[in-house]
Structures are given as C-alpha cells and as structure tokens.
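Q: Predicted structure and sequence below. I'll ask about it afterward.
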Amino acid sequence: MKLYNLKNHNEQVSFETAIKLGLGQQQGLFFPVKIPNFTPFELSEILKMDFTTRSTEILSKFIGDEISKKKLYKNIKKAFSFQKPLKVDITKNISCFELFHGPTLAFKDFGARFMAQMIFSLKKENESFTILTATSGDTGAAVAHAFYKMKNIRVIILYPKGKISLLQEQLFCTLGKNIITISINGSFDDCQDLVKTAFDDKKLKESIGLNSANSINISRLLAQICYYFEAFSLISESQRKNLVIAVPCGNFGNLTAGLLAKSLGLPIKSFIACTNENDTVPRFLKSKQWKPKKTISTISNAMDISQPNNWPRIEELFRRNNWNLNNLRFGSVSDQSTKEAIKELFKLGYTSEPHAAIAYRLLSNQLKKDEYGLFLGTAHPSKFKDTVEKILKNNIALPNEIKCRVNLPLLSHNINPDFNTLKKFLLEK
Ligand SMILES: *Cc1c(COP(=O)(O)O)cnc(C)c1O
C-alpha cells in the first residue's frame, strides 16, 4: 500500500512506514494512493463471511501487497478478540449499532488494538519502542490495554490531572507492567505540547525509539472500516436499500472510516456528521467557511474538539471519488437537547449516553419515510455514569471491565508540564 502526504503529495510511504511515523512532514496526514473497491459479487460474498474473515478481506484490499492474508488474519483475530458489535433495535426503523463491547468500553478499542498488533508484528525481534501519547480519556485507556504486556514496547500516557473522570483513570492507570501513566499538572493541551516537543527532539526520539499512537494513525482508520460492513451484514435486504448512518464526531476518524467503507462499495445511502456545540464542520458545510471557535466543554466530552484533525482526509476522499459534499448530512446538538434525547431513548427502553444520544437526535430528526437508520453507540453508558445517572435519576451498573479495576491502586506518576522533567523521566525509567 502506498500513501501520500496530504500536505506534500511527493512524500510517499508504505503502510509500514505510515503506521510507524503517524504523520508525514509538516504534520501532514497520510492518504492511500489507490482507493480499492469491491465488485457487487465480491461484496455479496464477503457479507456472508464471519467478522474476522471478512475484516481480513477488507484490510487485504489496502495492505495485501505488504502483509500476507495469513498474517493479517492472525493479527485481526488477536485485535478483535472481544465481543462483536451488537445491533439493538430502538424503533421500527432505527437501531443503535453498539461498538462498545471491547475491554475499555468504547469503539476506540477497534483502532487501538489493530494498531498495536500491527506495530508489534512489524517490529523486529530485538527492536524496542516507546509509545508516547496524550489523552483526555478514552484513547489512553484503549491504547494502554491494546499494548499491555507486549514485549519490548513501553507505553507512556500523559493526561491532565483532575480533568478525567476517576472511572476513566481507574481503567488505565491501574495496569502497571509496560504501561506507565503520568498525570500532568496542567491541561490536555499542555499534555499534547509535551508530546509534540518530545517528537521534535530528534536525539531523544532515536535513543528511545519514540512512536506515536494518536488518532491520526492510518491503521486505526482502516480497522474501523470493518465494523461498517458488519453493521450492513446484520440488516435486512429492504433496510439495506436506504441506509442512513449517524456518526457522533470529534476528530472525525469514525466518519472517515465509514466513508471509506462506502468508497469500497458498501451501499450506504447517506451519513450524518453529528457534533455537539463544537460545530466547526456543520458550520463549514452550511457556509463553506472554515472558522473554528474556541473549544467549549459539553457533556459529550470526547467530542469537544473544534479543529478535527481527520477533516482533510474526508475532503480528499470526496474529491478523489467525485462525491459532492452537499450530500453529507450534518447537524449539531446542544447539551439540553442531548439530555432530552437520553430521556427519550430511556422511554423507548434503551439506556444511552451523551455521544450516541446526539447521533440518535439528528437521525430521528432527519430520517425520511422510506429510510432505515443506524446510529453508532461509541461508548458504554457506564463510562459516563455520573452524567447519565443525573439525567435519568436511575442507577447505572458497572460492567466487569470496570468493576474489576475500581479497587486497584492508581499507579500514576505526577509531574509539572515541563519538558526537561519528562525527558529525564523518559531516559531513566
Ligand atoms: C472518540 C470518541 C468519539 C469521536 O470519534 P472520532 O473518531 O474522533 O470522530 C465519539 N464518542 C466517543 C465516546 C469517543 O470516545
């Protein structure tokens, strides 16, 4: 697989290089040179396959020239070794597609675990890496669990002290072994700045084999394509004719993967790009002007992003396919309406959380008579227990993944947002 840098089309790299670099020169995103495609016959064949076999076929379309199907199958099997996504019917023509049955209870497990397996399998026997990443919550947990106990890979996760929920902290700061967590006396931006500074330090980068694991890594997007096919395989012939999928968006990785699935030949009629009040993209689609505002805090905090870093990939995909951006549906939802949507879903017998509820709100508002709609369930409601309990005045049970961690001691270190302190730490530990 060849990929080019969106900021400099002359920089072309292999999948192996792209996965290790994360970003190209000038922080440019990598994008596939060839966009593969399934014929209608191939499509009907793969829809009959089991999740792992089908995912191997899909990813093989992109990276089959670099990684054999056999090796890919093995890695996918290990990466997706948890309960498959579930389709839960809400109304006659709306279902939730739940992607949160992995070890850290959010869809990020798919991307993070596939990336980890690929990095591990592409690594030479005696080579060692340090994965350094900053998190505002869900990504850190997914990355930590994905690399947990992998030999010669050390993972260092920075997060803003006191700014993630205790539950989130317990999920990844209690693992130990090769997972080192550091709380930073500062904001999420301070954490990201420290990571950026570390990557700019060439000497440090080489001496500890620094590698990124952030959400722009192409391997994460590729992995996420697979569950859109799974969703399609679970719905009836008539529902397949007019399928609309509503995606809760933050950095727009999930939506990029969905659009790649469509580009591969999966006949999804339409997507709805759903945001909270951090609505740079909805405003852009309306006015054609890109005007990010200051990020505001909402109850769907994984979507509190005003400069979504995957957006250039979406524009490129539309351009390459001659698609019209006017066909992308969109909308933004306030906290107040999100709360009402959670209550509405609860009345329908379904307990949800803020991110999925935003997608449900826009889907049920925009769905036409002959259409069938899926909204993506991106996280388990217990991850947002406090918020959901306040809205529903109802108790949310903790699933085992969290229950087994809440009594374990937090193993995090704590430092000030100072690069030299971090550097010393990276070199000594
Ligand atoms: C990360 C996240 C999102 C946003 O996904 P993107 O791929 O960044 O658009 C939505 N919901 C939850 C629960 C998340 O953790």
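A: Good, I have the coordinates. Numbers count the residues shown, from 1 in each chain.

Q: what helices or strands is the strand or helix carrying Phe318 leaning on?
A: Here Phe318, judged by DSSP states H and E, is contained in helix 311-321. Contacting helix 311-321 under the criterion 3 or more CB pairs under 8 Å, 6 or more residues apart in numbering; DSSP states H and E are the following elements: strand 30-32, helix 253-263. C-betas here are computed from N, CA, C, even on glycine.

Q: Select, out of these, the one closest to the ligand.
A: helix 253-263 (3.3 Å; CB to the nearest ligand atom).

Q: what's the average pLDDT for that closest one?
A: Per-residue pLDDT over helix 253-263 has a mean of 98.

Q: how about the CA coordinates for that helix, as CSV?
A: The C-alpha trace of helix 253-263 is given here as CSV (Å, rounded to 0.1, in the frame of the first residue of the first chain):
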residue,chain,number,x,y,z
GLY,A,253,-11.9,9.4,12.4
ASN,A,254,-15.0,7.3,12.7
LEU,A,255,-16.8,9.1,9.9
THR,A,256,-13.7,8.8,7.7
ALA,A,257,-13.8,5.1,8.2
GLY,A,258,-17.5,4.9,7.3
LEU,A,259,-16.9,6.9,4.1
LEU,A,260,-14.0,4.6,3.2
ALA,A,261,-16.4,1.7,3.6
LYS,A,262,-18.8,3.4,1.2
SER,A,263,-16.0,4.1,-1.2
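
Q: ok so, going back, kindly present the helices and strands packed on helix 311-321 as a markdown table, with separate columns for distance to the ligand and mean neighbour count.
A: A markdown table is the format used below for those (distance: least, CB to the nearest ligand atom, whole Å; neighbours: other CB atoms under 10 Å):
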| stretch | distance to the ligand | mean neighbour count |
| --- | --- | --- |
| strand 30-32 | 16 | 24 |
| helix 253-263 | 3 | 24 |
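
Q: Out of those, which is closest to Ser300?
A: Closest to Ser300 of the helices and strands packed on helix 311-321 is helix 253-263 (CB to CB; 13.4 Å).

Q: Now do the helix holding Phe318: everything it contacts.
A: Outside helix 311-321, the residues that touch it by CB atoms under 8 Å, 6 or more residues apart in numbering are 6, 29, 31, 35, 221, 252, 255-256, 259-260, 263, 281, 323-325, 328.

Q: if we go to 6 Å?
A: If you take CB atoms under 6 Å, 6 or more residues apart in numbering as the criterion, helix 311-321 is touched by Leu6, Leu29, Phe31, Phe252, Thr256, Leu259, Ser263, Leu325.

Q: and if you look at stretch 245-264?
A: Contacts of stretch 245-264 (CB under 6 Å, 6+ apart): 35, 38, 215, 221, 224-225, 228, 268, 271-275, 302-303, 305, 308-311, 313-314, 317, 321, 355, 358-359, 362-363, 374-376, 378.

Q: list the helices and strands the helix or strand harbouring Ala273 packs on?
A: Under the criterion of DSSP H and E, Ala273 resides in strand 270-275. Other helices and strands packing on strand 270-275, by 3 or more CB pairs under 6 Å, 6 or more residues apart in numbering; DSSP states H and E, are strand 243-248, strand 329-332, helix 354-366.

Q: cutoff 10 Å now
A: strand 243-248, helix 253-263, helix 280-287, helix 311-321, strand 329-332, helix 354-366, strand 372-377 (3 or more CB pairs under 10 Å, 6 or more residues apart in numbering; DSSP states H and E).

Q: distance between that strand and the chain's centre?
A: 15 Å (CA atoms, centre = their mean, to the nearest Å).

Q: What of stretch 396-410?
A: The answer for stretch 396-410 is 22 Å, by CA atoms, centre = their mean.

Q: Mind listing what's buried along it?
A: Ile396, Leu398, Glu401, Ile402, Arg405 (16 or more other CB atoms under 10 Å).

Q: For it, measure first residue to last.
A: 23 Å (CA to CA, to the nearest Å).

Q: which outside residues touch that stretch?
A: 82, 100-105, 141, 145, 166-176, 181, 183, 351, 353, 380-389 (CB atoms under 10 Å, 6 or more residues apart in numbering).

Q: rewinding a little: show me which of the contacts of helix 311-321 is closest to Leu23.
A: Scanning those for proximity to Leu23, where the rule is CB to CB, the winner is Leu29, at 6.8 Å.

Q: Please report the distance of the closest residue to the closest one other than its chain neighbours from the ligand.
A: Counting by CB to CB, 6 or more residues apart in numbering, Leu29 lies nearest to Leu6, which is 4.8 Å off, once chain neighbours are set aside. Here Leu6 is placed at a distance of 17 Å from the ligand (CB to the nearest ligand atom, to the nearest Å).

Q: do you know how far the most centrally placed residue in the chain is from Leu285?
A: Among the residues of the chain, the one closest to the centroid is Lys108, at 4.3 Å (CA atoms, centre = their mean). Taking CB to CB, to the nearest Å as the measure, Lys108 and Leu285 are separated by 25 Å.
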